[in-house]
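S.K.: coords below, sequence missing:
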């Protein structure tokens, strides 16, 4: 999974062979991404636009609550 902004890659996480992406796993990735964004943006207060497709793990109740 790769997360990036207009300047480049923020986070790359490889899913272990034989594992399946589910909502719980994806929510953990969002937590890691949040840390990376905060590290990069430090004092910036502008809003962030987060774009993703409609894959099930992106639209699950657990993910939407995050």
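M.R.: Now that the structure is in, tell me what you want to look at. Predicted model, so just to flag it, every value in this text is computed and none were measured.

S.K.: what are the phi and psi values at the most centrally placed residue in the chain?
M.R.: When C-alpha atoms, centre = their mean is applied to the chain, the residue found nearest the centroid is residue 30 (3.6 Å). With angles defined as degrees, to the nearest 10, residue 30 sits at phi -60, psi -30.

S.K.: which residues touch the residue lying closest to it once chain neighbours are set aside?
M.R.: In space, and not counting its chain neighbours, residue 30 is closest to residue 66: 5.3 Å by C-beta to C-beta, 6 or more residues apart in numbering. C-beta here means a position set from N, CA and C on the backbone, and glycine is covered the same way. The neighbours of residue 66, taking C-beta atoms under 8 Å, 6 or more residues apart in numbering as the test, are 27, 30, 31.

S.K.: what do you get for residue 17?
M.R.: Contacts of residue 17 (C-beta under 8 Å, 6+ apart): none.

S.K.: roughly how far does the residue nearest to residue 30 sit from residue 60?
M.R.: 10 Å (C-beta to C-beta, to the nearest Å).

S.K.: how distant is the helix or strand hosting residue 38 from the center of its chain?
M.R.: Using DSSP states H and E, residue 38 maps to helix 23-41. Using C-alpha atoms, centre = their mean, to the nearest Å, the mean C-alpha position of helix 23-41 is found 5 Å from that of the whole chain.

S.K.: which strands or helices does it pack on?
M.R.: strand 2-5, strand 8-12, helix 56-59, helix 61-65 (3 or more C-beta pairs under 8 Å, 6 or more residues apart in numbering; DSSP states H and E).
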